[in-house]
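Trainee: Got a sequence here, can you model it:
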Amino acid sequence: MANKRGKKYQDAAKLVEADKVYSMDDAVALVKKMDFAKFDASVEVAFKLNVDTKQADQQLRGALVLPNGTGKDTTVVVFAKGDQAKAAEAAGADVVGEQDLVERIQDGWLDFDVAIATPDMMAQVGRLGRVLGPKGLMPNPKTGTVTMNVEKAVSDAKNGQVTYRTDRDGNVAVPFGKVSFDADKLAGNLKAIAELIVRARPAAVRGTYVQHVSISSTFGPSVDVDLASMIA
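Mentor: Numbers count the residues shown, from 1 in each chain. Next up is the predicted model:
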């Protein structure tokens, strides 16, 4: 089968040594060097974990505020009323509402990145499950987006919070910045994510927990990374 990758990708891929596992710093430098996108591409890390996601206690899900941010302007909506609505607005939420916001989303508006809700609003927000769920936008206590502390939730979302969860095959993919970031800022974010994933090891896991780690830019080739260099 012919290689359908473009010439720029193939040229970039030649810079990656076959079967080599790079240190974190070398991997970050290489991903930045190989990027050929005409925009400020995102950089993502992918972990292959030895977990059985059919078991509820082996499913990872949560959130982390990256120490150096994501480089992305995040649009935040909040389902709240009364004092909580005022607190959300004061914290910088882009849109705050109750039933009106539910109806707006039901009518097809989805121009936002994070949705936060107070617990008392979840009966109404729950009607949006089929719309928000598949897009990963449904508020959830595990990611801190169902909370009475809307001020902190909005602040976290605006200041570089990323969410993570295992897919059915035990993979976790998390964006950790932009190609334009200084290498040390990307490395700092990557280290924070790796340490969190290691700490989140389910008690039932036996054997090697993190089986493989790689990083890549939006269109660039992936680079294998040595886990030990990320958590030293």
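
Trainee: Next one: Val154 from Pro141, what distance?
Mentor: Here Val154 is placed at a distance of 16 Å from Pro141 (C-beta to C-beta, to the nearest Å). The way it works is simple: take the backbone N, C-alpha and C, and place the C-beta from them, glycine included.

Trainee: okay, those two: which has more neighbours?
Mentor: The neighbour count for Val154 versus Pro141, taken as other C-beta atoms under 10 Å, is higher for Val154 (27 against 11).

Trainee: measure stretch 142-158 end to end?
Mentor: The straight-line separation of the ends of stretch 142-158 (C-alpha to C-alpha, to the nearest Å) is 18 Å.

Trainee: Touching, Ala29 and Phe181? I think so.
Mentor: No. The criterion here is C-beta atoms under 8 Å, and Ala29 misses it with Phe181 at 11.9 Å.

Trainee: on contacts alone, who are the packing partners of the helix-or-strand element of the chain with minimal mean pLDDT?
Mentor: Here the helix or strand of the chain ranked lowest by mean pLDDT, DSSP states H and E is helix 7-13, holding a mean of 88. Contacting helix 7-13 under the criterion 3 or more C-beta pairs under 8 Å, 6 or more residues apart in numbering; DSSP states H and E is no other helix or strand.

Trainee: Could you pull out the buried residues of it?
Mentor: Under the neighbour-count criterion of 16 or more other C-beta atoms under 10 Å, helix 7-13 has Tyr9, Ala12 buried.

Trainee: pLDDT weak spots in the protein?
Mentor: For the chain, the stretches flagged by pLDDT under 70 are 1-3.

Trainee: where exactly do the helices run in it?
Mentor: For the chain, the helices defined by DSSP state H cover 7-13, 24-34, 82-91, 99-106, 122-125, 129-132, 150-158, 183-199, 227-231.

Trainee: Deepest in the core, which of those is it.
Mentor: Most buried of those by mean neighbour count (mean count of other C-beta atoms under 10 Å) is helix 150-158; its value is a mean of 22.

Trainee: give the contact list for the closest residue to Asp25 other than its chain neighbours.
Mentor: Spatial nearest neighbour of Asp25, excluding adjacent residues (C-beta to C-beta, 6 or more residues apart in numbering): Ala187 at 6.0 Å. Residues near Ala187 by C-beta atoms under 8 Å, 6 or more residues apart in numbering: Met24, Asp25, Val28.

Trainee: From those, pick the one nearest Ala194.
Mentor: Met24 (8.1 Å; C-beta to C-beta).

Trainee: residues in contact with the closest one?
Mentor: By C-beta under 8 Å, 6+ apart, the residues touching Met24 are Ala187, Leu190, Lys191, Val225, Asp226, Ser229, Met230.

Trainee: Among those, which one sits closest to Val96?
Mentor: Leu190 (33.5 Å).

Trainee: I'd assumed Val28 was in contact with that closest one.
Mentor: Yes. Contact criterion C-beta under 8 Å: Leu190 and Val28 qualify, at 6.9 Å.
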